[in-house]
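# Sequence and computational prediction follow.
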Amino acid sequence: MKNHLLSIPERVFVEEARANTRDKGAYMKLSVLVMLDEGFTHELVATALGIGIGTVGNCRGKYEKEGLDKFLDRHYVPYQGRLDNDQLLALEDELNKNLYASCKQIGTWIEDQFEIQYSESAIRSILRKLGYAYKKTSEVPCKSNFKDQSEFLAQMVPFIAETDESEESVYFMDAVHPQHNTRSDYAWIKRGEERTILTNTGRQRVNINGAMNALHPQEVIVHEAETINAQSTIELLKKLLDKNPDKSQIYIFCDNAPYYYCKVLQEWLALNPKIMLLHLPPYSPNLNLIERLWKFLRKKIINLRFYPNFKDFKETVLNFFEHIEKYKDELKTLMAPNFQLFSV
């Protein structure tokens, strides 16, 4: 872990001052502090900024001897310190309790609490220094049970790891219903510009029942049907039997969809004891490995892509599974048996 030269409030102030100055000398001195705070050597700082090593040492010495206030005195309003450590801890506590979608909202909270104003760029600097990043939240069913998931996971992971592949196969099974519509997503767009994408009505969709090998995620068996129900599930299970003629047992982790319990499917399973369904705890999509495959599918062929007609869309979706071997390396990393538990 690197030792920082500046405190968090100082780093924020220095970055804000550097962004707003037009004085080349001041910009250089502020850059020296920022780069030293990042852990760069005097030699690297000197080379990057085109100055002498002695100048770097002088800047550091002046800061360490006189403090940031006098270091900035020639070019700026004296440093006021801004948020102190107790206030930063209070900010962290607030961010851990409540979600904020913008730096402006956080700045308003700081001003209300401490009567201190920050620009949005300064807020971003504070958040980076505190270890925060701007990213999407994760959805989790409100009825998920942390204890049940933990206990199930403690048995599932070693069960998969100890699979005797000469005799057994283990799959994750689920249904997916890609809609014939463009999905918005993040993309690199030139600053100040907006990009639009065409959309469809989204009224048509492809209904797919799928099973993915827990140890070889590039092995995916799918069955496309008008409706996902007991009958279409049986058709998928028949394909699994055909895929594993020499296995004595096929274990399948699945959710608790009602059609898995209906009489038609239960009677079929009784006649085919080679297949055993292992039901995940209720409301546990985070434990169903194949859910990651559905997200991967959307990322690769649906998000940000416009298909003028449903036929082309459907063919592309099914073609994804027919040629899934091309994603072997990506899937090997994505489908590692590491599961996240959510406490609600």
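Perfect, thanks for sending it.
# Output the lowest-mean-pLDDT helix or strand in the chain in PDB with nothing but the alpha carbons.
Lowest on mean pLDDT, DSSP states H and E among the helices and strands of the chain sits helix 120-129, with a mean of 80. This file holds the C-alpha atoms of helix 120-129, laid out as PDB (Å, rounded to 0.1, in the frame of the first residue of the first chain):
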ATOM      1  CA  GLU A 120     -18.600  19.000  -9.200                       C
ATOM      2  CA  SER A 121     -15.100  18.200 -10.300                       C
ATOM      3  CA  ALA A 122     -13.900  18.600  -6.700                       C
ATOM      4  CA  ILE A 123     -16.600  16.200  -5.500                       C
ATOM      5  CA  ARG A 124     -15.400  13.600  -8.100                       C
ATOM      6  CA  SER A 125     -11.900  14.000  -6.700                       C
ATOM      7  CA  ILE A 126     -13.200  13.400  -3.100                       C
ATOM      8  CA  LEU A 127     -15.100  10.300  -4.200                       C
ATOM      9  CA  ARG A 128     -12.100   8.900  -6.000                       C
ATOM     10  CA  LYS A 129      -9.800   9.400  -3.000                       C
END
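# just checking, what packs against that helix?
Contact here means 3 or more CB pairs under 8 Å, 6 or more residues apart in numbering; DSSP states H and E; on that basis helix 120-129 packs against helix 8-20, helix 85-97, helix 103-114. C-beta here means a position set from N, CA and C on the backbone, and glycine is covered the same way.
# okay, the ones you listed, which one's buried deepest?
Mean neighbour count (mean count of other CB atoms under 10 Å) peaks for helix 8-20 among the helices and strands packed on helix 120-129, with a mean of 20.
# Report the rounded mean pLDDT for that one.
What helix 8-20 shows for mean pLDDT is 82.
# And the contacts of that helix?
4, 6, 26-27, 30-31, 33-34, 37, 68, 72, 75-76, 79, 81-84, 88, 118-119, 121-122, 125-126, 129-130 (CB atoms under 8 Å, 6 or more residues apart in numbering).
# Selection in ChimeraX covering whichever of the residues you listed are buried, please.
Those of the contacts of helix 8-20 that count as buried under 16 or more other CB atoms under 10 Å are selected in ChimeraX with:
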select :6,26,27,30,31,33,34,37,68,72,76,79,82,83,88,118,122,125,126,129
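# Is it possible to get a markdown table of the helices and strands packed on helix 120-129 that adds distance to K62?
Shown next, in a markdown table, are the helices and strands packed on helix 120-129 (distance: least, CB to CB, whole Å):
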| stretch | distance to K62 |
| --- | --- |
| helix 8-20 | 14 |
| helix 85-97 | 24 |
| helix 103-114 | 29 |
